[in-house]
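Student: quick one, structure for this:
(4 chains)
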There are 2 protein chains.
Amino acid sequence: MPSDQTRSAILAAAERLYADRGFGDVTLRDIVAAADVNLAAVNYHFGSKGELIAELFVTRSLATNRERLNELKAAEFAGGGRASIDAILRALVGPTLRGCLGPDRERSTAARFMIRASIESVPPIRRIKNREIDHLRKFAAAMRRSLPDRSAVDLYWGLHFALAMAHQTIRDSERLAKLSEGMCDLNDVAGIIERVVAVSVMALTGGESKTAEKVGALRAR
Amino acid sequence: MPSDQTRSAILAAAERLYADRGFGDVTLRDIVAAADVNLAAVNYHFGSKGELIAELFVTRSLATNRERLNELKAAEFAGGGRASIDAILRALVGPTLRGCLGPDRERSTAARFMIRASIESVPPIRRIKNREIDHLRKFAAAMRRSLPDRSAVDLYWGLHFALAMAHQTIRDSERLAKLSEGMCDLNDVAGIIERVVAVSVMALTGGESKTAEKVGALRAR
DNA sequence: GATAGTTTCATACAATTGTTTGAAATGCAA
DNA sequence: TTGCATTTCAAACAATTGTATGAAACTATC
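Tutor: Next comes the predicted model:
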């Protein structure tokens, strides 16, 4: 019977350290010290540092995607096959925002690890990351069904911007807090999600398709 | 007479390498090889690797801030002391977007270096970065003057989201290109700027102050 | 309770890193 | 030229890194 006690202790410690300090300055010795296991255990159980990171990433990546897709399916079911655009966007940005900003410690580490992974693109992760495109494509398709009149380009930009806002809010919540001197409540996760969704919906619908015009008008200046 | 030939060769090579590959995996030996100078030259001219990075960052940081403030001042002058909100946002996101996505090679390296710096937060940079808050505060003040009716919280979020969209577009333009299968033209820098500005303006004005309502309405669901 | 397979451990290894050193080369003033 | 300061260079240094090794400890089966 394989002892996965050591194995999971390493995974947990590694994820927490990577989430906190990034891949750049976390050594295997840091990890085994935090996990209270022997240095050689990492190579014994995972083969190499890169494979450890890869395993962490694929596990969390699958979990996040599953969570997002569940919300999407639920929204589509509730809407009789066609989800509302705000529900789609909520399914896209909700899980990550809740995971990173919410109070749940365990989820928080997982989500912050994923943010790190999306920022500091280390080789073992870069190789896997292409699958994310396929995942996002499902959301693009749902958006196309929800807003059949919008151009594909507008939809892609809307999707891109929604992720951008959610992402940056997690990555740089500290700056926003400092800049606003605490006026922006970063503990109100639900409020943040709705703010991101609201802006994204506006970007996509633009008060009845004004976005394209607005872009055009501003460009003409 | 000090020989700044070596000095500037190091600076140029370091900036290019850091911009291309990030701080994580660029060694001093990579830099001196690219600059075609001796290894010891870095420590002789800069003292340490950290001080080299810091010098690069402060130089570029000052330049970017100056550029942004120039555009802001010009916009405020043109508007008789009060700039339009879209002009303010354009001054905020324009320089970086033009720098990173534009064709100008030299500016491109500089801008991409700054993006790296804002992502991979290495110690020497982290220490300096607090000044950025003061810089952003000037834009927040201009926005307050331009939209005196909006709440401060909304303005901060709008500023935050504008930077988020610009930032992510630079950092992850590749994903957007892949996702949209080339439909989103990332060479049309002016168009991208206007798109970011348009969405930010909508987020801030929300079709005559609908943002807050919309957030409220969505939250009520 | 002996044995085979698995897991842990201390230790060592090879490679890479930023930094230092002291001598050689260079530039420039007298 | 001589003398002095600045700059370059090859070499070495100390520290850290991921990885490998072989013996010890453990676990479960017979």
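Student: the biggest helix by length in chain A near DNA strand D anywhere?
Tutor: Longest helix in chain A by number of residues, with DSSP state H as the criterion: helix A:49-78. Yes: Helix A:49-78 is in contact with DNA strand D by C-beta under 7 Å from any atom of the strand, via A:49, A:50. Where C-beta positions appear, they are placed from N, C-alpha and C, glycine not excepted.
Student: counting contacts, what elements does that helix pack onto?
Tutor: helix A:4-21, helix A:40-46, helix A:85-101, helix A:105-119, helix A:123-128, helix A:131-146 (3 or more C-beta pairs under 8 Å, 6 or more residues apart in numbering or on different chains; DSSP states H and E).
Student: need those in a markdown table (columns: distance to residue B:21, mean neighbour count and mean pLDDT).
Tutor: Shown next, in a markdown table, are the helices and strands packed on helix A:49-78 (distance: least, C-beta to C-beta, whole Å; neighbours: other C-beta atoms under 10 Å in any protein chain shown; pLDDT from 0 to 100):
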| stretch | distance to residue B:21 | mean neighbour count | mean pLDDT |
| --- | --- | --- | --- |
| helix A:4-21 | 20 | 18 | 94 |
| helix A:40-46 | 26 | 17 | 95 |
| helix A:85-101 | 27 | 24 | 94 |
| helix A:105-119 | 15 | 19 | 86 |
| helix A:123-128 | 11 | 14 | 82 |
| helix A:131-146 | 21 | 16 | 94 |
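Student: dump the ones you listed into TSV; add distance to residue A:167 as well.
Tutor: Shown next, in TSV, are the helices and strands packed on helix A:49-78 (distance: least, C-beta to C-beta, whole Å):
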stretch	distance to residue A:167
helix A:4-21	15
helix A:40-46	28
helix A:85-101	8
helix A:105-119	7
helix A:123-128	16
helix A:131-146	13
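Student: save the ones you listed as TSV, and put in distance to DNA strand D too.
Tutor: As requested, these are arranged in TSV below (distance: least, C-beta to the nearest atom of the strand, whole Å):
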stretch	distance to DNA strand D
helix A:4-21	10
helix A:40-46	4
helix A:85-101	25
helix A:105-119	15
helix A:123-128	10
helix A:131-146	23
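Student: out of these, which gets nearest to residue B:164?
Tutor: Residue B:164 lies closest to helix A:85-101 among the helices and strands packed on helix A:49-78, at 11.8 Å (C-beta to C-beta).
Student: run the chain-centre distance for the closest one.
Tutor: Helix A:85-101 has its C-alpha centroid displaced from the chain centroid by 9 Å (C-alpha atoms, centre = their mean, to the nearest Å).
Student: phi, psi for residue A:81 please.
Tutor: phi 100, psi -30 (degrees, to the nearest 10).
Student: mind checking how far it is from residue A:75?
Tutor: Distance from residue A:81 to residue A:75, counting by C-beta to C-beta, to the nearest Å: 11 Å.
Student: more crowded one of those two?
Tutor: Between residue A:81 and residue A:75, counted using other C-beta atoms under 10 Å in any protein chain shown, residue A:75 has the larger neighbour count: 21 against 8.
Student: now do the contacts for that one.
Tutor: A:83, A:84, A:87, A:88, A:90, A:91 (C-beta atoms under 8 Å, 6 or more residues apart in numbering or on different chains).
Student: in the longest helix of chain A, which residues are buried?
Tutor: A:49, A:52-57, A:60-61, A:63-65, A:67-69, A:71-72, A:75-76 (16 or more other C-beta atoms under 10 Å in any protein chain shown).
Student: doesn't residue A:83 make contact with residue A:76?
Tutor: Yes: under the criterion of C-beta atoms under 8 Å, residue A:76 makes contact with residue A:83 at 4.4 Å.
Student: any residues in contact with both of the two?
Tutor: Shared contacts of residue A:76 and residue A:83 (C-beta under 8 Å, 6+ apart): residue A:142.
Student: what's stretch A:172-183 in contact with?
Tutor: Stretch A:172-183 is contacted from outside by A:101, A:169, A:184, A:186, B:132-133, B:136-137, B:140, B:152-153, B:156-157, B:159-160, using C-beta under 8 Å, 6+ apart.
Student: and which of those is nearest to residue B:202?
Tutor: Closest approach to residue B:202 among those (C-beta to C-beta): residue B:157, at 12.7 Å.
Student: okay if I get the contacts of residue A:75 as CSV plus distance to residue B:41?
Tutor: Formatted as CSV, the contacts of residue A:75 follow (distance: C-beta to C-beta, whole Å):
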residue, distance to residue B:41
A:83, 60
A:84, 61
A:87, 59
A:88, 55
A:90, 54
A:91, 54
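Student: give me the subset of the contacts of stretch A:172-183 touching DNA strand C.
Tutor: Among these, DNA strand C is touched by none when using C-beta under 7 Å from any atom of the strand.
Student: farthest-separated two in those?
Tutor: A:101 and B:137 (23.8 Å).
Student: report the central residue of chain A.
Tutor: Chain A has residue A:96 as the residue nearest its centroid, 4.5 Å off, counting by C-alpha atoms, centre = their mean.
Student: is it in contact with residue A:111, as I believe?
Tutor: Yes: using C-beta under 8 Å, residue A:96 makes contact with residue A:111 at a distance of 5.7 Å.
Student: need the overlap of contacts for these two.
Tutor: Common neighbours of residue A:96 and residue A:111 (criterion: C-beta under 8 Å, 6+ apart): A:64, A:170.
Student: fine by me, thanks again.
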